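mind folding the following:
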Amino acid sequence: MASYSFHLLMLCSILSVTFPITSQASFRPKALVLPVTKDSSTLQYLTALHQRTPLVPVKLTLDLGGEFLWVECDRGFSSATYSPVHCRSASCSQAPGAPHKYCSSCHSRAGPLCNNDTCTVHVDNTVIGTITGAELARDVLSVQSTDGLGPGRAVSVPGFLFSCSRSFHLEGLASGVLGMAGLGRTRTSLPSQFSASFSFARKFAICLSPSSSSSGVAFFGDGPYMMLPGIDVSRSLYFTPLIATPASDVPGHVGNPSSEYYIELKSIKVNQNPVPLNLSLLVINKQGYGGTKISTVDPYTVLETSIYKAVVGAFAKELSTVPRVAPIKPFKACFDSRNISSTRTGPAVPTINLVFPSRDRKRIWHWGIFGANSMVQVKEGVLCLGFVDGGLDPLTPVVIGGHQLEDHFLQFDLASSAFGFSSSLHFRQTTCSKFNFTTKA
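Residues are numbered from 1 along each chain as shown. Reported below is the predicted structural model:
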């Protein structure tokens, strides 16, 4: 099969199509649940699904904005229920990637990645920024149900649409990972296929744990979302609109809106003091440049250079009584932690507030980033501000990364295009690692 790889970020989304997905008819769950762990080496967030016939566990890197579930298929992939998607089928024509799709053929022994007249789409490894051709296919997928209190019985989707890629596309992913689980704004992502299969709400939520030894959680479907000791974290969410991005003329993105989750950042404050910013950078232009998105593949928040310098300057001014120390990459603002005390929400440092409009645009919400989410302990005695300089002309000037998301509960309501966020769960005497995975619902 023809395939290739090149360094671009491909942002695609087809939001108005449906896929014929069938599932177990005897039991329809109201929601599904997956554990999410943090890999200490790569800082990637990992999950696992069961796929194929017979079922095998498949370890995946979570990609919040990814278009597909894609899996490496050229090293011993075996399944009695694998079915390639044909070129001129409705699934091919409606899948994300138009006009970047083509038909492929193979003259070797038939099997995954070697079929004639099959639909080939472009899939992203967003960790290292590569794209390659992959065979579009269907197979059985199994996942655990939940009532929001604990895990329930496993349910399966016989015809789950995914992309079958090659092993070189795993470069940069955590050890043992076999692909990426895309949660993006497409009909081929996990949230969309799960909701279509089981007829539950087009909502999903993630709660990322900062620890590699305790799991966070991802929910698909509506709440309740219960964390020990009996706290429904969905009851304390602040909602802001999700922003649709225009079709882009950026090379590799032509004709496709983004599959990622953009929100409307209005301003940034440090200790309630506004940070002077070039506000035009916070607005997405007709070419798709600008704005603010949320990412699970960026380990730290990435800011365009002028925004980064302004935030660091304001933060350092408010923390002027604490000595600066030599920077440690990838960070530039590091401090002597012996002069910083601890609180329930981490190091006692200035609060960074990201300011968003409410869902009805009648109020303003402040997403407070406290010490546990703003600072990184890089070595004994040194804390660094966990934000990264993203350069002068990035596609997206503000990318809110994983470290800033940890121990916050985040819900994505695809039906109403709204994003809900909580304050730090430490204020509610719980964390993202407190979902009860041990007791069956």
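
tell me where the protein has helices.
Ranges of helices in the chain, per DSSP state H, are 90-94, 190-198, 305-318, 371-374, 402-405.

can you add mean pLDDT and mean neighbour count and give those back as TSV?
C-beta coordinates here come from the backbone N, C-alpha and C atoms, glycine included. As requested, those are exported to TSV (pLDDT from 0 to 100; neighbours: other CB atoms under 10 Å):
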stretch	mean pLDDT	mean neighbour count
helix 90-94	86	16
helix 190-198	97	24
helix 305-318	98	18
helix 371-374	98	23
helix 402-405	98	24
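
same list (the ones you listed) but as JSON lines, adding distance to S163.
What follows is those, written out as JSON lines (distance: least, CB to CB, whole Å):
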{"stretch": "helix 90-94", "distance to S163": "12"}
{"stretch": "helix 190-198", "distance to S163": "13"}
{"stretch": "helix 305-318", "distance to S163": "34"}
{"stretch": "helix 371-374", "distance to S163": "33"}
{"stretch": "helix 402-405", "distance to S163": "24"}
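
tell me which of those helices lies nearest to E380.
Closest approach to E380 among the helices of the chain (CB to CB): helix 371-374, 17.3 Å.

who touches that closest one?
210, 315, 340, 342-343, 345-349, 352, 385-387, 403-408, 424, 426 (CB atoms under 8 Å, 6 or more residues apart in numbering).

circling back to that earlier point, let me know which of the helices of the chain is the nearest to G76.
Of all the helices of the chain, helix 190-198 comes closest under CB to CB, at 23.8 Å.

the closest one: how far from the chain's middle?
The chain centroid and the centroid of helix 190-198 are separated by 17 Å under CA atoms, centre = their mean, to the nearest Å.

and the closest residue to D74 other than its chain neighbours, how far from P112?
In space, and not counting its chain neighbours, D74 is closest to R166: 5.0 Å by CB to CB, 6 or more residues apart in numbering. Using CB to CB, to the nearest Å, R166 is found at 10 Å from P112.

ok, now F204?
For F204, the distance to P112 - CB to CB - is 28 Å.

what does P96 give?
Counting by CB to CB - P96 and P112 are separated by 20 Å.

more neighbours: which of these two?
P96 (28 against 21; other CB atoms under 10 Å).

you'd agree that one is up against W70?
No: using CB atoms under 8 Å, P96 is not in contact with W70, being 11.6 Å away.

grab the most central residue of this structure for me.
L64 (1.8 Å; CA atoms, centre = their mean).

thinking again about what came up before, what is in contact with R166 and P112 at once?
Residues touching both R166 and P112 (CB under 8 Å, 6+ apart): C73, D74.

state the phi and psi torsions of C87.
C87 adopts backbone torsions of phi -60, psi -50, taken as degrees, to the nearest 10.

nearest spatial neighbour of it, skipping sequence neighbours?
Distances taken as CB to CB, 6+ apart place C103 nearest to C87, at 4.0 Å, with adjacent residues excluded.

give me every residue that touches the one you found.
C103 is in contact with C87, D117, T118, C119, T120, counting by CB under 8 Å, 6+ apart.

beta partners for it?
Applying DSSP bridges to C103 yields these beta-bridge partners: C119.

with Y262 instead?
Beta bridges link Y262 to I243, K293 when assigned by DSSP bridges.

contact partners of stretch 43-61?
So stretch 43-61 is in contact with 34-39, 62, 69, 71, 77-82, 127, 139-143, 154, 160, 162, 173-174, 176-181, 208, 216, 218, 296-297, 299, 402-403, going by CB under 8 Å, 6+ apart.

rerun that using 6 Å as the cut-off
Under the contact criterion CB atoms under 6 Å, 6 or more residues apart in numbering, stretch 43-61 has outside partners 34, 36-39, 62, 79-81, 139-142, 173-174, 176-181, 208, 296, 299.

so, low pLDDT: which residues of this protein?
Applying pLDDT under 70 to the chain flags the ranges 1-25, 98-101, 107-109, 247-255, 440-441.

mind redoing it with 80?
For the chain, applying pLDDT under 80 flags the ranges 1-26, 94, 97-102, 104-111, 113, 246-256, 439-441.

can you point me to the longest strand in it?
strand 130-146 (DSSP state E).

which neighbours in the sheet does it have, and how are they oriented?
Paired neighbours of strand 130-146 in the sheet (DSSP bridges): strand 5-7 (antiparallel), strand 31-38 (antiparallel), strand 45-51 (antiparallel), strand 83-84 (antiparallel), strand 118-125 (antiparallel), strand 151-165 (antiparallel).

quick check: which of those is nearest to S416?
strand 31-38 (17.3 Å).

would you turn the strands paired with strand 130-146 into TSV with distance to T439?
Formatted as TSV, these follow (distance: least, CB to CB, whole Å):
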stretch	distance to T439
strand 5-7	44
strand 31-38	12
strand 45-51	20
strand 83-84	36
strand 118-125	36
strand 151-165	8
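
among the ones you listed, which comes closest to F356?
strand 45-51 (22.9 Å).

got the angle for that closest one vs helix 190-198?
30 degrees (axes from the mean of the first three to the mean of the last three CA atoms, to 10 degrees).

number of nearby residues for the closest residue to R363 other than its chain neighbours?
Among residues not flanking R363 along the chain, P357 sits closest, at 7.5 Å (CB to CB, 6+ apart). Other residues near P357 come to 17 when the count uses other CB under 10 Å.

what does the one 3 residues further on give?
Residues near D360, counting by other CB under 10 Å, number 8.

can we start the residue count at 790 from this point?
Will do, 790 is the new start, and the previous item becomes D1149.

how near is it to F951?
From D1149 to F951 the distance is 37 Å (CB to CB).

A1115 now?
The gap separating A1115 from F951 is 46 Å, by CB to CB.

ok, those two, which is more surrounded?
Neighbours per residue (other CB under 10 Å) separate A1115 from F951, with F951 holding more: 29 against 6.

about what we covered before: OK, contacts around the residue nearest to the centre of the chain?
L972, T1085.

burial of S1109, as a residue count?
8.

now it. Its backbone dihedrals?
phi -70, psi -20.

distance of it relative to A1103?
Distance of S1109 to A1103, given as CB to CB: 11 Å.

please apply the same query to A1033.
Taking CB to CB, one finds A1033 at 31 Å from A1103.

just L1017 next, same as before
37 Å.

and if you look at V1064?
V1064 is 5 Å from A1103, by CB to CB.
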